[in-house]
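Student: Compute the structure for the input listed below.
(chains A and B)
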Amino acid sequence: MGAPRKLATSLLTAVVRFAPETSREWATGMLRELEFVDGDWAALFWALGSTAAVFQHVASGWRGWFKARSNNKEARMNNFGKKALGVGTGIVSAAMLALCAFAVLRLVGFLFPAMDLAHAQWTHWLTVIVIPETIFIVATVLLWRKKGPVAAGILVFAIVGALHVAIHVAMR
Amino acid sequence: MKLRLSRQTLSVLEIFLEHAEEWKYGYDLSRSTGLKSGTLYPILMRLAERKLLETSWIAGEPGKPPRHMYRFTPDGLRFARQHAMSATTGHLGLAALNRIKAWVTG
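Tutor: A predicted model of the protein is given here:
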């Protein structure tokens, strides 16, 4: 056995030893074929080409792995984005409802000045706090299972609104 | 994995189609197609990953270790036969090539 063939055998033996499981069968097949290659230099070129082929196979496996990993990351990001959008929708919806309640109160006071709503404390409590907070809680309970993020957004606004009122009352 | 239908891939398919039922080994394919091992094996690997080829260890001469052999799977054979390969020109017609591309890229 000439030196080039010995080198070829050593090279492919090392490739078989260090190749990952997915490529080892192929590398072993290439090593077996080496025995049938005519000529020492042809054997060396066979081994070099085979080594390149195994590296290519391993690299393509890694590329697939990285691609799958980055796709998973993207999917997670998309999922997070959807949830954030849901929470945002809930907060905005609740804010709009609170704003509408406040606007209705002001409108009634403007249209019916005789009612003197500006000085009737109970109307404030009822229209700006009790009714909207009740609606928020009912909406949260109803939406919790089907649209969890939206329900969470409504709940967040309800809690913040309640805290705001509590602080306002405490300060006065 | 997408299968590139290069001229070399087509020549390998053509060799397999000649005696489709027979098992073939790497060095034989290399000599028949004139492809070096660094070109031939990536093609064989891609074909095997696409389930167009099956591989097996088959004992040849007594006292020698088994060799890694390849042949068409039923799917691969059906696929190759469906698309008539030109024996004279050694490559597929354009329409057949497009059908193969559409089939392979799924």
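
Student: my read: residue A:33 touches residue B:31, true?
Tutor: No. The pair residue A:33 / residue B:31 is not scored as a contact, 11.0 Å apart, by Cβ atoms under 8 Å. The C-beta positions use only the backbone N, C-alpha and C, and glycine is treated the same way.

Student: Show me which of the two is the more surrounded one.
Tutor: The residue with more neighbours, out of residue A:33 and residue B:31, is residue A:33; 24 against 12, by other Cβ atoms under 10 Å in any protein chain shown.

Student: who's in contact with that one?
Tutor: Residues in contact with residue A:33, defined by Cβ atoms under 8 Å, 6 or more residues apart in numbering or on different chains, are A:46, B:25-27, B:37, B:67-68.

Student: In contact with residue A:157, which residues?
Tutor: Shown in contact with residue A:157 (Cβ under 8 Å, 6+ apart): A:90-91, A:94-95, A:98, A:136.

Student: try 6 Å
Tutor: Contact analysis of residue A:157 by Cβ atoms under 6 Å, 6 or more residues apart in numbering or on different chains lists A:91, A:94-95.

Student: And the buried ones among those residues, selectable in PyMOL?
Tutor: Entered in PyMOL, the line below selects the buried ones among the contacts of residue A:157, by 16 or more other Cβ atoms under 10 Å in any protein chain shown:
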select buried, chain A and resi 91+94
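
Student: okay, the most centrally placed residue in chain A: pLDDT?
Tutor: Central residue of chain A (Cα atoms, centre = their mean): residue A:76, 2.1 Å from the mean position. Model confidence at residue A:76, given as pLDDT, is 76.

Student: biggest helix in chain A by residues?
Tutor: Once chain A is assigned using DSSP state H, the helix that runs over the most residues is helix A:40-111.

Student: Which secondary structure elements does it sit against?
Tutor: helix A:3-18, helix A:21-34, helix A:131-143, helix A:148-171, helix B:37-49 (3 or more Cβ pairs under 6 Å, 6 or more residues apart in numbering or on different chains; DSSP states H and E).

Student: secondary structure element for the residue of chain B most remote from its centre?
Tutor: What lies farthest from the middle of chain B is residue B:63; by Cα atoms, centre = their mean that is 28.6 Å. Per DSSP states H and E, residue B:63 falls between elements, in no helix or strand.

Student: what do you get for residue B:69?
Tutor: Taking DSSP H and E as the criterion, residue B:69 maps to strand B:67-72.

Student: what's in contact with that strand?
Tutor: A:29, A:32, B:16, B:20, B:23-25, B:44, B:53, B:55-56, B:58, B:60.

Student: Spell out which parts of chain B neighbour chain A.
Tutor: B:26-27, B:36-38, B:41-42, B:45, B:65, B:67-68 (Cβ under 6 Å from any Cβ of the partner chain).

Student: from those, which would you call buried?
Tutor: Buried members of the residues of chain B next to chain A, counted by 16+ other Cβ under 10 Å: B:26-27, B:36-38, B:41-42, B:45, B:67-68.

Student: In contact with residue A:129, which residues are there?
Tutor: Contacts of residue A:129 (Cβ under 6 Å, 6+ apart): residue A:165.

Student: which stretches of the chain have low pLDDT?
Tutor: Reading this off chain A. A:116-121, A:123-124 (pLDDT under 70).

Student: wait, chain B
Tutor: Judged by pLDDT under 70, the stretches of chain B that qualify are B:1-4, B:82-106.
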